[in-house]
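A.B. asks: Sequence first, predicted coordinates after that:
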Amino acid sequence: MNSSPFHSISRRSFSLALAAPLVAAAPTRWILSAGTVLTMDKARRVLSDGAVAIEGNKIVEVGPRAEIEQRFRGARRVARPNSILIPGLINTHTHAAMSLLRGIADDKRLQDWLESYIFPAEAKNVSADFCYWGTLLACLEMSLGGTTTFTDMYYFEDDVARATRQAGMRGVLGQTVIGFPVADAKTPADALAQAEAFFKRCEKDPLIIPAIAPHALYTNTRETLQACRKLANQYKRPLLIHVSETKRENDDMRKQHSKSPTQTLAEWGIFDGTTVAAHCVWTDESDIATLAAKRVGIAHCPSSNMKLASGFAPVVPQLAAGIHVGLGTDGPAGSNNDFNLMEEMDLAAKLAKVHLMDPVALPATTALEMATLHGAQVIGMGDQLGALEAGRLADAVFVRTDVPNAVPSFDPYSTLVYASKAADVSDVFVNGQPIVREGKSLTLRSAEILAKARSYRQQISLSLKK
């Protein structure tokens, strides 16, 4: 056996190939093989000693390793016999640049956390540079943990996009629109104009899907929300919004509008187009029926809901209604603190079981579906991502099974969801390109990013004392 798992290309030439621009006379071919391949295709095939053939940015064939190697001779290879190969994980809700505010105000109620800590800290520190470096830090953590696509709601999204491209990741990046002055927009009208310009700049970007992100019903007017929907539909882009995250929010909006946030937003036409609704914790049967009818995708954030005591999201009834429910980490500044989507799979399954007092309520297979297939549907890319299947974009992740927490393994779904950790991810491909190899980033300078993050900690600490 060859000593290197990338055994058709030397270590030095591999590094040089990555440093070169991603253009070539012919599309790059790869064969990714593993002891187990979880395809997540319609048949939910589980392949022992399987392989995935990639050409350019697309998967061209999935099947037994011996057959794939015979058909695609000469391709570069990544062979991981002691791993599970899965589709890239999709984080359907986060605020990436808030990584620089990690742990700034823990163990607070949401409104207190926002109004007393986060909004003031953001007012004094958020800038284009802050968002660039904060997103680099987030991308470093996400990519090393197997996340290949993330959905962002924040400010200075051009700089978020710059960092995302540098990482080689895919981002659904939402320009925030909110009803008070923020770092990159003094008014909602300013934010809308920036969103439109962002749409135009990213029109043909292979990795960036621009979006608009009105923060929530309680922070925007009807006119602003409808303007956001109109702009999103004009450019055929997603709209991202927080919905019914806490009981207080839900109750306040019911008093103000005489109906739930879900019913209010639906009545105003805000769901008439691709929509990612984050949280949806306080949604009743009527709300769930409305979200299903409007084909709204939900970003379920178990760690955040637990940490902020937001409540138990009715995930099982939402899935039963035909709603696509993906997983999100939320922002790492008090509502979660990390970007670990492997952990979110585990918690999503367990939280649903405790909520319904039923150990079979949300099995491991469904949890993985939420992190892959459902996540792809939530962001409007259901036919392009979420499965290892011919014709889909080549996003793939190797997870080691030769670590103590994964041995023995009787069921690969169980191993992934209940035993595997983010640190067990060894290799990551996005759009047909390797971005993580043997647990190390190939696209980002880890030491430089961590040093910059530490310097920001000093700046932020000093700003809060003024």
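C.D. replies: Great, that's in hand.

A.B. asks: Check what pLDDT residue 103 gets.
C.D. replies: Note for residue 103: predicted pLDDT of 88.

A.B. asks: That one: neighbour count?
C.D. replies: For residue 103, the count of nearby residues is 10 (other CB atoms under 10 Å). C-betas here are computed from N, CA, C, even on glycine.

A.B. asks: dump the residue contacts of the residue nearest to it when sequence neighbours are not counted.
C.D. replies: Nearest residue to residue 103, sequence neighbours excluded (CB to CB, 6 or more residues apart in numbering): residue 337, at 5.8 Å. With contact set as CB atoms under 8 Å, 6 or more residues apart in numbering, residue 337 has these partners: 102, 103, 106, 307.

A.B. asks: give me that answer again for 10 Å
C.D. replies: If a contact means CB atoms under 10 Å, 6 or more residues apart in numbering, then residue 337 has 99, 102, 103, 104, 106, 303, 304, 307, 329, 330, 331 as its contacts.

A.B. asks: could you dump those to TSV with distance to residue 237?
C.D. replies: Output for the contacts of residue 337, formatted as TSV (distance: CB to CB, whole Å):
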residue	distance to residue 237
99	25
102	29
103	33
104	31
106	34
303	28
304	25
307	30
329	22
330	22
331	22
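
A.B. asks: just those now: which is nearest residue 188?
C.D. replies: Of all these, residue 188 sits closest to residue 331, with 20.9 Å by CB to CB.

A.B. asks: I figured the closest one was touching residue 91, is that so?
C.D. replies: No. Residue 331 is not in contact with residue 91 according to CB atoms under 10 Å; the separation is 11.3 Å.

A.B. asks: residues bridging contact with the two, i.e. touching both?
C.D. replies: Residues within reach of residue 331 and of residue 91 at once, by CB under 10 Å, 6+ apart, are 138, 152, 301, 339.

A.B. asks: Can you pick out the residue with more neighbours from residue 331 and residue 91?
C.D. replies: residue 91 (32 against 26).

A.B. asks: right, and that one touches residue 327 too?
C.D. replies: Yes. Using CB under 10 Å, residue 91 is in contact with residue 327, at 7.1 Å.

A.B. asks: Residues that sit against both of those two, list them.
C.D. replies: Common neighbours of residue 91 and residue 327, using CB under 10 Å, 6+ apart, are 147, 299, 301, 341, 344, 371, 375.

A.B. asks: For residue 308, which non-adjacent residue is spatially closest?
C.D. replies: Counting by CB to CB, 6+ apart, residue 308 lies nearest to residue 110, which is 5.1 Å off, once chain neighbours are set aside.

A.B. asks: Which residue ranges of the stretch 301-450 of the chain form strands?
C.D. replies: Applying DSSP state E, counting those that start in this stretch to the stretch 301-450 of the chain gives strands spanning 325-327, 396-400, 425-430, 433-437, 440-441.

A.B. asks: for the longest helix belonging to the chain, packing partners?
C.D. replies: Longest helix in the chain, counting residues (DSSP state H): helix 446-465. With contacts defined as 3 or more CB pairs under 10 Å, 6 or more residues apart in numbering; DSSP states H and E, helix 446-465 has these neighbours: helix 119-125, helix 128-144.

A.B. asks: how distant is it from the center of its chain?
C.D. replies: Between the centre of helix 446-465 and the centre of its chain there are 24 Å (CA atoms, centre = their mean, to the nearest Å).

A.B. asks: So for it, what gets flagged as buried?
C.D. replies: Neighbour counts over helix 446-465 (16 or more other CB atoms under 10 Å) mark 449, 452, 453, 456, 460 as buried.

A.B. asks: swap in stretch 159-175?
C.D. replies: Counting neighbours by 16+ other CB under 10 Å, the buried set in stretch 159-175 is 159-165, 167-175.

A.B. asks: Would you quantify the distance from the residue nearest to residue 103 to residue 115?
C.D. replies: Using CB to CB, to the nearest Å, one obtains 20 Å as the distance from residue 337 to residue 115.

A.B. asks: pLDDT score assigned to residue 428?
C.D. replies: pLDDT, the model's per-residue confidence, is 98 for residue 428.

A.B. asks: Okay, it and residue 32: tell me how far apart.
C.D. replies: Distance from residue 428 to residue 32, by CB to CB: 11 Å.

A.B. asks: How about residue 450?
C.D. replies: Residue 450 is 29 Å from residue 32, by CB to CB.

A.B. asks: buried ones in stretch 299-312?
C.D. replies: 299, 300, 301, 302, 303, 304, 305, 307, 308, 310, 311.

A.B. asks: next one: stretch 385-398
C.D. replies: For stretch 385-398, burial by neighbour count (16+ other CB under 10 Å) applies to 385, 386, 387, 388, 389, 392, 393, 394, 395, 396, 397, 398.

A.B. asks: ok now do the fifth one, which residues does it touch?
C.D. replies: Residue 389 sits next to 39, 40, 41, 42, 43, 45, 52, 59, 61, 62, 87, 383 when contact means CB under 10 Å, 6+ apart.

A.B. asks: again, but for the second one
C.D. replies: With CB under 10 Å, 6+ apart as the criterion, the residues that contact residue 386 are 40-41, 87-90, 149, 324, 326, 369, 371-379, 392-393, 395.

A.B. asks: Just the residues you listed: which are in helices?
C.D. replies: Counting by DSSP H, the part of the contacts of residue 386 found in helices is 369, 371, 373, 374, 375, 376, 377, 378.

A.B. asks: count of residues packed around the fifth one?
C.D. replies: Think residue 375. Residue 375 has 34 neighbours, counted by other CB under 10 Å.

A.B. asks: How about it: what's its closest non-neighbour residue?
C.D. replies: Distances taken as CB to CB, 6+ apart place residue 90 nearest to residue 375, at 3.1 Å, with adjacent residues excluded.

A.B. asks: The one you found: neighbour count?
C.D. replies: Residue 90 is flanked by 31 other residues according to other CB under 10 Å.

A.B. asks: From what I see, it and residue 380 are in contact.
C.D. replies: No. Assessed by CB under 10 Å, residue 90 is found out of contact with residue 380, at 11.5 Å.

A.B. asks: got any residues that touch both of the two?
C.D. replies: Joint contacts of residue 90 and residue 380 (CB under 10 Å, 6+ apart) are residue 172.

A.B. asks: just checking, what packs against the helix or strand harbouring residue 231?
C.D. replies: For residue 231, the element it lies in under DSSP states H and E is helix 222-234. Counting contacts by 3+ CB pairs under 10 Å, 6+ apart, helix 222-234 packs against strand 170-177, helix 188-201, strand 208-214, strand 239-243, helix 261-267.

A.B. asks: Which of those sits closest to residue 121?
C.D. replies: Using CB to CB, those put strand 170-177 closest to residue 121, at 15.6 Å.

A.B. asks: show me where pLDDT drops low in the stretch 301-450 of the chain?
C.D. replies: Within the stretch 301-450 of the chain, no stretch has pLDDT under 70.

A.B. asks: Could you rerun that using 80?
C.D. replies: For the stretch 301-450 of the chain, the stretches flagged by pLDDT under 80 are 334.

A.B. asks: Same question for the stretch 101-250 of the chain.
C.D. replies: Using pLDDT under 80, the stretch 101-250 of the chain drops low at 110, 113.

A.B. asks: Do a quick rundown of the helices in the stretch 251-400 of the chain.
C.D. replies: 261-267, 285-293, 302-307, 315-320, 341-356, 364-371, 373-378 (DSSP state H, counting those that start in this stretch).
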